[in-house]
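J.: Dropping a prediction and its sequence here:
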Amino acid sequence: MLKSLSFHPKLAAVLDLLVNLVMLWWLRQFHSWWLVGVWLLFRLAIWGALMWLVYYPAEMSRYKHIASLVVMVLGSLSFLLFIEWRFAWYLFGALFCFFSFFSFWLLPASSVSLATFLKPHLRWRFIMSVIGLAGVFQAAGAIISFQIAPGINSWVWYILASLFSTFVAGWWWWEYGVEENKRFWIWVGCWFVMILELLWVIGLLPIGYLTGTLVLIWCWYVVWLLARFNLSPEGINWRKQVWFLSFNAVLFPLFLFFIIRWK
């Protein structure tokens, strides 16, 4: 009976925005850590209900959409829990509402409009996953810096964050059509080791955990993109990538020397 109802994606987007505003207000009232789990379960339950009621063409997957939202909300929750600067808190709260809202707004209302929305929605879900991953990196750094779990070795958090990063990297290589072969799994294994070492090195640097997160996710995206092209049948077209790599090669040192506050 309920399944006969079908929400228009735009209506679902507006409802999701209203729920997110309530969830942000509720988060500001927290005084106990156990409420974080209740908040997260409540948010995921509402997303699940919306996806059950919203129309999805056969070519699009509710499960992939909810997976992207889960990754994003884990990262967003980390930012909202550990950021102390008031302006930054509201900024990340706005991003949490904005990305979730448009993940529903960009859904096609019918199969006729599918071609127009399919690729933008795929890219939007990828951006949400990258934001969520950045939040997971930030959570690992904050837990270690604040010694929230003093009985747990720092390497446990590095390993967990690296495993999560490897899952997201492999998942999105697969989403972009990379074939699951021997080269794919070699890249997955190397990715885990590389991110684990990078987490450790950045953890040793005299910079804050939020700044370290920005450096880490920047490196993650650039290398992930090159790995994606390397795994594709066409390989890396260096002529097309030279401007992208040159831009990052110039901007990254400027960020390190002029933006970061070294302790």
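T.: Thanks, I have the structure now.
J.: For this structure, which residues score under the pLDDT cut-off?
T.: Where the chain drops to pLDDT under 70, the residues are 1-5, 110-116, 258-263.
J.: all strands of it, in order?
T.: Assigned by DSSP state E, the strands in the chain number zero.
J.: how about the helices of it, start to end?
T.: With helices called from DSSP state H, the chain shows them at 9-27, 34-53, 62-82, 86-105, 114-146, 154-175, 182-204, 209-231, 238-254.
J.: can you redo those helices as a markdown table with mean neighbour count?
T.: Yep, even glycine has a C-beta here, placed from its N, CA and C like the rest. Putting the helices of the chain into a markdown table (neighbours: other Cβ atoms under 10 Å) gives the following:
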| stretch | mean neighbour count |
| --- | --- |
| helix 9-27 | 17 |
| helix 34-53 | 15 |
| helix 62-82 | 21 |
| helix 86-105 | 17 |
| helix 114-146 | 20 |
| helix 154-175 | 18 |
| helix 182-204 | 16 |
| helix 209-231 | 19 |
| helix 238-254 | 11 |
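J.: distance between the ends of stretch 104-122?
T.: One end of stretch 104-122 to the other measures 12 Å (Cα to Cα, to the nearest Å).
J.: Contacts only, for residue 169.
T.: 188, 191, 220, 224, 227 (Cβ atoms under 8 Å, 6 or more residues apart in numbering).
J.: can you do 6 Å?
T.: 191, 224 (Cβ atoms under 6 Å, 6 or more residues apart in numbering).
J.: With the one 10 residues further on instead?
T.: Contacts here follow Cβ under 6 Å, 6+ apart; on that basis residue 179 touches nothing.
J.: now it: how far from residue 185?
T.: 11 Å (Cβ to Cβ, to the nearest Å).
J.: do residue 81 as well
T.: With Cβ to Cβ as the criterion, residue 81 and residue 185 are 34 Å apart.
J.: what's the answer for residue 77, then?
T.: Computed as Cβ to Cβ, the residue 77 to residue 185 distance reads 31 Å.
J.: Same question for residue 227.
T.: On the measure of Cβ to Cβ, residue 227 and residue 185 end up 13 Å apart.
J.: again with residue 198
T.: In this view, residue 198 and residue 185 are 20 Å apart by Cβ to Cβ.
J.: for residue 94, same thing?
T.: From residue 94 over to residue 185 (counting by Cβ to Cβ), the distance is 39 Å.
J.: same question, residue 143
T.: Separation of residue 143 from residue 185 (Cβ to Cβ) stands at 30 Å.
J.: Likewise for residue 145?
T.: Taken as Cβ to Cβ, the span from residue 145 to residue 185 is 34 Å.
J.: ditto for residue 209
T.: Taking Cβ to Cβ, one finds residue 209 at 31 Å from residue 185.
J.: and what of residue 140?
T.: 25 Å.
J.: got it, and residue 47?
T.: 31 Å.
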